[in-house]
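Chemist: only geometry, no sequence info:
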């Protein structure tokens, strides 16, 4: 886990920045999102205590099914298309082992809306993430 940057815990990101720690409302998984060059990627930073030892068991590549969920890249190649909007990337769902096209938008400085879809955004699923504001690392990394 040494590869993770802990600087995002103490620095506040500008209101139009996607960089930082984001918690999924549905299950409290924390995703660390960072700009890398001209695109954005996100990795699983923390999982709820009961899920911290999970492996990528549904990955379509059998050789990858024993890798840890922690540190797994789940969001990649999103490009900033205008202030507060990112498109053109893809998202990986470790619960199904599937990749989907992705887009994201900042609803406000504390809420990120990510949509994974097949073909067109109409056929997809939306996840709501809240910027993680905790003083200590959540759940499985404390």
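Modeler: It's in. What you see is a predicted model; the values in this text were computed from it and never measured.
Chemist: tell me the pLDDT of residue 119.
Modeler: On pLDDT, residue 119 comes in at 87.
Chemist: make residue 1 into 579 and carry on from there
Modeler: Taking 579 as the first residue, the last one we looked at is residue 697.
Chemist: is it in a helix, a strand, or coil?
Modeler: Taking DSSP: H, G, I helix; E, B strand; the rest coil as the rule, one finds residue 697 in the coil state.
Chemist: next one: the residue nearest to it when sequence neighbours are not counted from residue 669, what distance?
Modeler: Counting by C-beta to C-beta, 6 or more residues apart in numbering, residue 679 is the residue found nearest to residue 697 once chain neighbours are left out, at 7.7 Å. (Glycine included, C-beta is placed from N, CA and C.) Relative to residue 669, residue 679 is positioned 8 Å away (criterion: C-beta to C-beta, to the nearest Å).
Chemist: repeat that for residue 678.
Modeler: For residue 678, the distance to residue 669 equals 5 Å [C-beta to C-beta].
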